[in-house]
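Participant: sequence and predicted structure, then a few things I'm wondering about:
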2 protein chains.
Amino acid sequence: MSLRRTLSFAASLAALGMAAVVVNAPASAARADEGMWTFDNFPIQTVNDKYGTRIDQAWLDRVRNAAVRLQGCSASFVSGEGLILTNHHCVISCVQDLSSAQNDYVKNGWMPATREEEKTCPGQTAEVLTDITDVTDRVLGAGAGLEGAAFVAARSAEIDAIQKEACGDDRKLTCQVISFYRGGKYALYKFRKYEDVRLVFAPEFQAAFFGGDPDNFNFPRYALDAAFLRAYEDGKPVATPNHLKWNPNAPVDGEVTFVAGNPGSTSRLLTMSQLERLRDQQIPITLIQGAELRGRLIEYSTIGEEEKRVALDPIFGLENSFKVYYGQQGALTDPAFMAKKRQEEAELRQRVAADPAVAERIGDPWADLEKVQATARDLYLPYRQLEANAGGGSTLYSYARAIVRASKERAKPVAERRAGYADSDIAALGRRLASDAPIPVGVEEIQLSHWMLKTREYLTVDSADVKTMLGAESPEVIAARLSQSRLIDPAFRAEALAMTPEQLAASGDPMIAFVLANDDAAQAVRTQWDAGVNAPTARAAEKVAQARFAVYGENQYPDATFSLRLSYGQVKGWTYRGVTVPSFTHMGGLYERATGAEPFNAAERFLAAQDRINKDVVYDFVSTNDIIGGNSGSPVINAKGEVIGAAFDGNIHSLGGSFGYDGELNRTVSVSTAAVTEALRNVYDQPRLLRELGVRR
Amino acid sequence: MSLRRTLSFAASLAALGMAAVVVNAPASAARADEGMWTFDNFPIQTVNDKYGTRIDQAWLDRVRNAAVRLQGCSASFVSGEGLILTNHHCVISCVQDLSSAQNDYVKNGWMPATREEEKTCPGQTAEVLTDITDVTDRVLGAGAGLEGAAFVAARSAEIDAIQKEACGDDRKLTCQVISFYRGGKYALYKFRKYEDVRLVFAPEFQAAFFGGDPDNFNFPRYALDAAFLRAYEDGKPVATPNHLKWNPNAPVDGEVTFVAGNPGSTSRLLTMSQLERLRDQQIPITLIQGAELRGRLIEYSTIGEEEKRVALDPIFGLENSFKVYYGQQGALTDPAFMAKKRQEEAELRQRVAADPAVAERIGDPWADLEKVQATARDLYLPYRQLEANAGGGSTLYSYARAIVRASKERAKPVAERRAGYADSDIAALGRRLASDAPIPVGVEEIQLSHWMLKTREYLTVDSADVKTMLGAESPEVIAARLSQSRLIDPAFRAEALAMTPEQLAASGDPMIAFVLANDDAAQAVRTQWDAGVNAPTARAAEKVAQARFAVYGENQYPDATFSLRLSYGQVKGWTYRGVTVPSFTHMGGLYERATGAEPFNAAERFLAAQDRINKDVVYDFVSTNDIIGGNSGSPVINAKGEVIGAAFDGNIHSLGGSFGYDGELNRTVSVSTAAVTEALRNVYDQPRLLRELGVRR
C-alpha cells in the first residue's frame, strides 16, 4: 500500500542533486543485507557464500528481462502473454479512472470475464530494460569549465542529446541517462516500451487495503495488495517468453529472497548540513502543508458518497506520502541516528585530511555544501510554492503549465529550446494530454485553493509574486474559476497544445490565463534554484563521492534513482523493544482482525468466501530486503528465479531507510503468490487467470 | 489578533514544569528593553535613567489597581464605572456566543444604544490583583524528602491549602499560588474578582481583524482590535475610581511605553535538551495535528453560511496558535539562535564548575534534564492523546470529563481527594457548566473524530488504550454518537454534576459513558507523566535556577506565568534585511490596502465612513516592549500613566520571544486610543462611550 514512488518528494530530492553514492560496509564487517544493487555490479559471490545460492550472470539477465517498470511502480511478467503482476495500489488510479458513480470498480474490484474486456489504463506504460551504456565521459565533459545555471543547462542539453541519438523518436523505446554514484557515473538505460497497458484484474479495494492508513507501514498485515495488468502492442497481447515462473507455494522462514525493482530515491550519503536542512525546513513544511490538505480532503469526502469516491485516490496518495515523510523525520530527529551519521561524516573527513594527495584533490565539499544550505533555506519556500509544488496537485494546473511551456519553447528555434522540448517531446506530451481519465472538479478546487492559500501564507501577502498571483481576488474565488477550465476536455487540450502563446492568451481559458500570468516568476525561481542550489550541490556531491571512493574503495551500490536494482535478503521477522514480530501472517487471521468498522472491515467477497478459503495459506510476509518507495509491485524471487510474492510495503522501521539501512529492523512487506492464488481460486473464481499462471484450479 | 493566551500549549508547558527563571543581562551591558517584570521588582531606576521618566512605587500601584486579568487575556479599567478596554479578539467568543444565525454580531459588531442592553459574556471574569504574599517556604517545605508522584501531590495539596486559607469560598476573591523563578520563589496572588462581565462594544469583525490570518503577527497593520467590557456586581456597574485616564492623542516616535498585563508563558531558560525535545517532538506534532484539524474546519466552513459562522472562532484560535508554534519552531530551527543558546548554557555550566562550593550544591541538573527528556519522548504521545489534548478541543468532552472526575473525587473522603476537587471547587465548576454559550455540534463532531483518528494513528491500532477507546467502531461513528450528548443542555449538565459515578454510568449519555470507559487510562498516563517528567523536571529546574542566582546575582525577572507583569520600552520601528518598517500606520492606509477580497475587505461601516474619517489619525503602532501571548488587551501606558493604546499582537520576530528577546527585532503591536476614539466618533457614532471616556464628541 505504500511503496509507490512518492513522486513530488523524490522529484524535489532529485532537483537538489541528492542522488548519492552509498558505500557498503565502510569500516565494519558484512553489513546484513544492505544494498540496492545495479545489475552490472551485483555482489554475486557474497550472496552465494552467505545463502548457498548459485546466482550467475545468466540468472541476473533472466530476471532483468522479466522486470517491468511502470509509472512510479515496479512489476514483472508472469506469463508468456504479457501478463504483469504488480500491486493493487499501483493500479488504483487506473481503477478509479475506469470507474464512475454507477460502476465503482475500486469498491467492487475489476475482473472481466474475457481478455477482450481488459481495458487500457490511461497514461500507464510498461518498460523493460534492455541495454546499459556508460556515458560518464560525455556528461562530465559537457559541464566542464561552466558554473551555475550555465553548468546545469549544458549538462541537461548533453543528456538530452545522448538520449535522442540512441532512441530517436521511436515510441517503442525509452532512452534515459541516469546518474549513479552521485555523478561518479552516468549510464544510458535503454528500455523496450509498451504504451498500451490494460487492466486485467484488481481485487476489491478493501481486500487490497484492509487496515487502511492505520495499518500502512505496519506488520502483521492482511492485505491482498496485488493486481494484474497486460502489455499490448498493435492491439494484441505482447509475447513475453522471458517471464518469471509463478510459484504458488509460500516461502519458508529463512528462505533467500531477491527483490527486483525500481527504488525511487534514497539519500543515504547526504552530509550533515543537508540532512539538517531537510529536518529543519523541507520535511516539516511538506508535512504541515500535507496535513492541512489531508484535513480538507477528508472533510470533503464526508459530504456524500460521490465525494468520498472521487477523493479516495488523492487521500490515499497523500496519507501514504505523509507517513513516509513522517518516518523520515523520525530518523532525522532520532538523536542516536544522527549521532551515528555525524560520526561517519567525521571519520570520512578525517581520513581525507590524513592523506595530503586526496585532501588536495577533494578540497572541502562539506563546507561548500554548508554554504549551499544557507542559499537553499532562503530560496526553498518560493521555489516550492511557485515551481516545485505549484498547483498543489491540480491536474488541470499541471496540464496548463505543460501546454504553456511547450508553446513558448516551440516558438523558439530548435537549438535554443530548453531540454525536454524537442518536437518529439511535445508530441509525447500530446499523447499524455489525450488521457480520458476523469478529473474531479471538487478535488481540483480544493487543491488549488489550498495551494494559493499556503503560497500567500508562506511567501506573505506583500510578496510581489503573490500580488501577481492573486491580484485583488481571494484564493477561494480564483480556485473556483480555475477549476472550471476547459482543459478538463481532452479535445480542448489537443487544440490548446497546438496554439502559439498569443493564441493561448486569446483563448479566454481561465487556467491558461492564470499560468501565463505567473509563469515568468516560476521560471525565474527555478533558474535561481538551479544556479544557487543544484549546480553547486552537484559539484560538491561529486567531490564527496570521490572522497568515498578514495577512502573506501569500489565495493559500493549507488543511491536509488528509480532505475532497476536487485536486493537480496531472507524471510525473517524482527524484535523491537522486546516484542518479536513473526515473519508471516495467514489468511485466516484476516477474519480475526476484522472489526467490521472502516478501515478494518473485511471485503465483501472475502466475507462471502470465509467458509471456502484455506485459512492456513500464508498471506503476507516480511523479509530483510533493502527497498524503498518505487519498489511497489516488485517481484519477490526465490533462488530458482521463480516469483513467490509482490513487495508492497515496508515496516515502520523501514521509513528511515531513506537515510540508512538497519538490518535488525528494516523489513520489506510482501503479499505471497500463495495468497494471490488462493484468492483467485476461492474468493474471486478466476479460472482464466489461474490457467494462464499455470496453476491447477 | 494574536496575543490571546494559547491555552493548550501554555498548559502543556506548565505541565512540563517549564516556567523558568530569566536572568537579565547575564554578561553584557543593558540589554535593550527586555523583561516581563513583577510589580515588586520593577527596575525603576534603570527605566528612569534610560528614558528620563519619574516612575515611583505610587505610579506602579496606580497601574496595578487599574490592570485587569480576563480569561486568557489582559485589560484595564478606563472609566470610573467599570468600563474595561481590551482587544476584540479577547471578546470574540462572547460575541459569537451572543450571536445566532439571525443576528450575527461578529459580522455586524455589537453596539447597544443603552447600558441596559449590555449583556453578560458567558464564563468571562475580571480580576484585579490586590495583594502579593511570599509563600516560598511553605511550598518548598511540603515537597521536602519526597520523590515522583508523591512529590507532585504534596506540593499540589499545600498550594491548595494556602489558597483555601486565604480566600475560603468567597466568590469575590481569587487566590492563586504562582511559581516564579522556576520554583526559586512562590507567591500567593490575591485578586478581587468580578463574575458578571458584560459586553459593551465590539466593532465589526472585519474592522478588528482586517488582513486576517495573513496579516496576523505582521506589521504594518490596519486593525481596530479593540473592544469594551464592563464589570458588574449585584446587577450594577462596579465603581472603579482607580482607572487609567484615556488619552485620545497618538504617541510619537521614541515615546516611552509601558505595557501592564499577563504574559502567559515563556521558556527562556530551558536547557538545550529540553529545547531539542520541543523542537523534535512536541512542537512538530502540535503543528501537524493542528494543520490537519485546520484543514477540516476550513473545508467544513465552505459548506454554507451557518457552518462558516460557527467555525469562525475555532478556526481563528487554531490559526493563531498555529502561527505561534510555527514561529517558535522557527527560532528552534534557526542555527544562529540555537548556537547562542548553546553558548549561554556552556558558559553557565563552566562558571558553576569553576566554583567548587556552587558545583557541590548544584550538582548536574543539565544531565538530569537530559535523562528526563528520554522519558518524556516515550510518554509524550500517549500523554498528549489520552490526557493533555484529549477531546481535541470538544467542549462536550471537556464538560463530561470534568463531571466524571468531580463525581469520582466527591465519592472520596475530603482528605483523600485530589487537589482542585474541594466542594467549593465543584461548586465553581457548576457555575462554569451553567454557561448558555451555544455549542456547535458540527464542529464538535469534527474535533472528536479528528482527535480519535490521530490517537489511533499515533498510538497505533494495536495499543490497548486505543482498543478500549474504539472497540469495534470507527472514530467517525463514535464521534457522530458522542456529539449527540445531552450535555449540550445546561440543565442536564447540572443534573449530571450531582450524580454519583454509578448514576452517571446509568445515565445512558454516550459522552459520559465514553469518558467513564477511558478515564482510567487517561489518569494513569497523567500519573506516569507527573512522576517521570514533572517531578524530576521541577527538581532539576530549581537547581538550574539556583545556579543562575549564584552566578549572575539578583537582577532578574521570572519567566511568564500568566501573572501580572510590567514591560517598558519605546515606540520604535525596526530594520530587517535592509527593509525598515516604520513605527506607525494611519487610518487612511486601510483604504489603500483593502482589495475587497476576504480577508482584505474593509468593514462595511468603515467603507461607509470613508469620507468622514480623519485619515491622518495614527491607527496601529509598534514598540519595543517585551510581551507574549496572554498580554492581549494590555493597556499601553505613557509616562504620565495614561492609556494610549491596547496591545494586540507581536511582529513576526516576536514569536521567538518564547525562548529569547531580541531588542533589534521583537516588537509589540498596539491599536492606538486615538484610532479607537476616531472610530467611536466617525465610524460607529458612540457618543455614550465617548462621554464616558471623557472625550469630546
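Facilitator: In hand now; what should we look at?
Participant: where are the low-confidence patches of the stretch 551-697 of chain A?
Facilitator: Low-confidence segments of the stretch 551-697 of chain A, defined by pLDDT under 70: A:697.
Participant: which bits of it sit near chain B?
Facilitator: Residues of the stretch 551-697 of chain A found near chain B, taking Cβ under 8 Å from any Cβ of the partner chain as the criterion, are A:595-598, A:600. Using the backbone N, CA and C atoms, a C-beta is placed for each residue, glycine as well.
Participant: in these, which residue is surrounded by the most others?
Facilitator: Taking other Cβ atoms under 10 Å in any protein chain shown as the neighbour criterion, A:F600 ranks highest of those with 21 neighbours.
Participant: which of the three states applies to it?
Facilitator: coil (DSSP: H, G, I helix; E, B strand; the rest coil).
Participant: contacting residues for it?
Facilitator: With contacts defined as Cβ atoms under 8 Å, 6 or more residues apart in numbering or on different chains, the neighbours of A:F600 are A:210-212, A:593-594, B:461.
Participant: repeat the analysis, applying 6 Å as the threshold.
Facilitator: Contacts were defined as Cβ atoms under 6 Å, 6 or more residues apart in numbering or on different chains; by that measure A:F600 touches A:A594.
Participant: for chain A, which residues are neighbours of chain B?
Facilitator: Taking Cβ under 6 Å from any Cβ of the partner chain as the contact definition, chain A meets chain B at A:214, A:280, A:287-288, A:291-292, A:294-296, A:299-300, A:333, A:456, A:461, A:472-474, A:595-598.
Participant: could you single out the nearest of the residues of the stretch 551-697 of chain A next to chain B to A:I446?
Facilitator: A:E598 (21.6 Å; Cβ to Cβ).
Participant: if we can go back for a sec, of the residues of chain A next to chain B, keep whichever come out buried.
Facilitator: Of all the residues of chain A next to chain B considered here, the ones buried according to neighbour count by 16 or more other Cβ atoms under 10 Å in any protein chain shown are A:214, A:280, A:287-288, A:291-292, A:294-296, A:299-300, A:333, A:456, A:461, A:473-474, A:595, A:597.
Participant: okay, now the closest residue in space to A:V197 that isn't next to it in sequence: neighbour count?
Facilitator: Among residues not flanking A:V197 along the chain, A:Q124 sits closest, at 4.2 Å (Cβ to Cβ, 6 or more residues apart in numbering or on different chains). A:Q124 is surrounded by 24 other residues when neighbours are defined as other Cβ under 10 Å.
Participant: ditto for A:G254
Facilitator: 11.
Participant: residue contacts, it?
Facilitator: By Cβ under 6 Å, 6+ apart, the contact set of A:G254 is A:Q570.
Participant: and with 7 Å instead?
Facilitator: If you count contacts by Cβ atoms under 7 Å, 6 or more residues apart in numbering or on different chains, A:G254 has them with A:570-572.
Participant: repeat that for A:I285.
Facilitator: Counting by Cβ under 7 Å, 6+ apart, A:I285 touches A:R384.
Participant: can you tell me the average pLDDT over the helix or strand where it lies?
Facilitator: Under the criterion of DSSP states H and E, A:I285 resides in helix A:283-300. For helix A:283-300, mean pLDDT rounds to 98.
Participant: let me know the pLDDT of the closest residue to A:V441 other than its chain neighbours.
Facilitator: Spatially, and ignoring its direct neighbours in sequence, A:V441 is nearest to A:S483 (5.1 Å; Cβ to Cβ, 6+ apart). The score at A:S483 is 97. That number is its pLDDT.
Participant: surely A:S483 and A:Q447 touch.
Facilitator: No: the pair A:S483 / A:Q447 is not scored as a contact, 8.8 Å apart, by Cβ atoms under 7 Å.
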